[in-house]
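A.B. asks: Structural data only, the sequence is not supplied:
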């Protein structure tokens with residue numbers, strides 16, 4: 001129903017595709033961003049072992065390289081809790097910063113696969129790329145999904161449902177989110193407004209889009225303590241015994 005769509009989908013999507021109001025919506029890409037998305041800083045020691053963890057990376061040299069650290073907790077809430085945002089850094093320095101948190105050792109780093117096209121090879125290995133360099137430095141590189149519009153819709157839905165939080169220390173990401181806008185239609189253009197954001201000041205945003213798509217894709221944290229408590233409960237053991245009896249009896 002229309003009410004169900006309005007409750008679950010971002011306002012800009014509902015207005016466009018349900019109400020057909022192409023001219024009357026916010027020009028902000030992340031229209032569902034609210035103050036309660038931002039939370040106090042979380043530190044490494046507070047992150048549970050079994051929460052799902054990953055990093056998002058958007059590589060740049062003249063433009064900044066942005067890296068975001070995130071986890072998804074037992075309730076399915078994604079928390080982006082730290083960022084790296086520096087320009088003119090060599091791959092070794094980027095890799096060193098990526099590995100600064102021990103709990104993220106060998107955890108996925110979701111990155112723009114276009115860096116597979118940046119050649120860094122020598123005469124002995126001419127096909128080598130920057131992607132290969134990062135892998136050789138011990139980073140667990142995962143190619144990103146590049147469906148920008150779908151990823152933006154996903155983040156807006158996470159914001160609307162309260163399933164994403166961003167720590168205050170991620171200042172560059174928050175600044176980019178607040179200023180990220182759709183491209184405006186040209187004067188006199190009779191077509192609908194573009195489905196494309198302005199490609200500017202979006203390095204941390206791109207890292208967020210890669211990261212949240214990865215963490216949203218069916219990955220869930222397992223609470224080992226709750227799982228153990230459930231398996232030791234009388235109800236679970238009784239149900240399991242009855243099931244085994246049923247199997248034994250044929």
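C.D. replies: Perfect, I can see it now. Because the structure is predicted, anything quoted here is derived from the model rather than measured. Residues are numbered from 1 along each chain as shown.

A.B. asks: center of this structure - which residue?
C.D. replies: In the chain, the residue lying closest to the centroid (Cα atoms, centre = their mean) is residue 212, at 1.8 Å.

A.B. asks: so what pLDDT did it get?
C.D. replies: pLDDT, residue 212: 97.

A.B. asks: Okay, and it sits in which element?
C.D. replies: helix 203-216 (DSSP states H and E).

A.B. asks: For that helix, name the packing helices and strands.
C.D. replies: With contacts taken as 3 or more Cβ pairs under 8 Å, 6 or more residues apart in numbering; DSSP states H and E, helix 203-216 sits against strand 52-58, strand 65-72, strand 78-86, strand 108-111, helix 148-161, helix 171-179. Placement of C-beta: from N, CA and C, glycine included.

A.B. asks: Determine how far that helix lies from the middle of the whole chain.
C.D. replies: In terms of Cα atoms, centre = their mean, to the nearest Å, the centre of helix 203-216 is found 3 Å from the chain centre.

A.B. asks: now stretch 39-53
C.D. replies: Worked out by Cα atoms, centre = their mean, stretch 39-53 lies 15 Å from the chain centre.

A.B. asks: okay, how far is it across that stretch, tip to tip?
C.D. replies: End-to-end distance for stretch 39-53: 18 Å, by Cα to Cα, to the nearest Å.

A.B. asks: Now do the contacts for residue 206.
C.D. replies: Residue 206 makes contacts with 56, 58, 66, 112, as judged by Cβ atoms under 8 Å, 6 or more residues apart in numbering.

A.B. asks: Give me the residue ranges of this protein where confidence is low.
C.D. replies: Counting by pLDDT under 70, the chain has low-confidence residues at 1-26, 185-194, 222-250.

A.B. asks: Against residue 144, how distant is residue 79?
C.D. replies: From residue 79 across to residue 144, the span is 20 Å (Cβ to Cβ, to the nearest Å).

A.B. asks: Which residue of the two possesses the greater neighbour count?
C.D. replies: residue 144 (23 against 19; other Cβ atoms under 10 Å).

A.B. asks: list the buried ones in stretch 43-63?
C.D. replies: Across stretch 43-63, burial judged by 16 or more other Cβ atoms under 10 Å covers 47, 51-60.

A.B. asks: Can you report how many residues lie near residue 34?
C.D. replies: Residues near residue 34, counting by other Cβ under 10 Å: 10.

A.B. asks: Tell me if I'm right that it and residue 159 touch.
C.D. replies: Yes - assessed by Cβ atoms under 8 Å, residue 34 is found in contact with residue 159 at 7.0 Å.

A.B. asks: Spell out which helix or strand contains the nearest residue to residue 159 once chain neighbours are set aside, please.
C.D. replies: Of all residues not flanking residue 159 in the chain, residue 32 sits nearest, at 3.9 Å (Cβ to Cβ, 6 or more residues apart in numbering). Under the criterion DSSP H and E, no helix or strand holds residue 32.

A.B. asks: how many other residues sit next to residue 32?
C.D. replies: 20.

A.B. asks: for the closest residue to residue 73 other than its chain neighbours, what are its contacts?
C.D. replies: Excluding the flanking residues, the one nearest residue 73 by Cβ to Cβ, 6+ apart is residue 51, at 5.3 Å. Contacts for residue 51 (Cβ under 8 Å, 6+ apart) come out as 71-74, 221.
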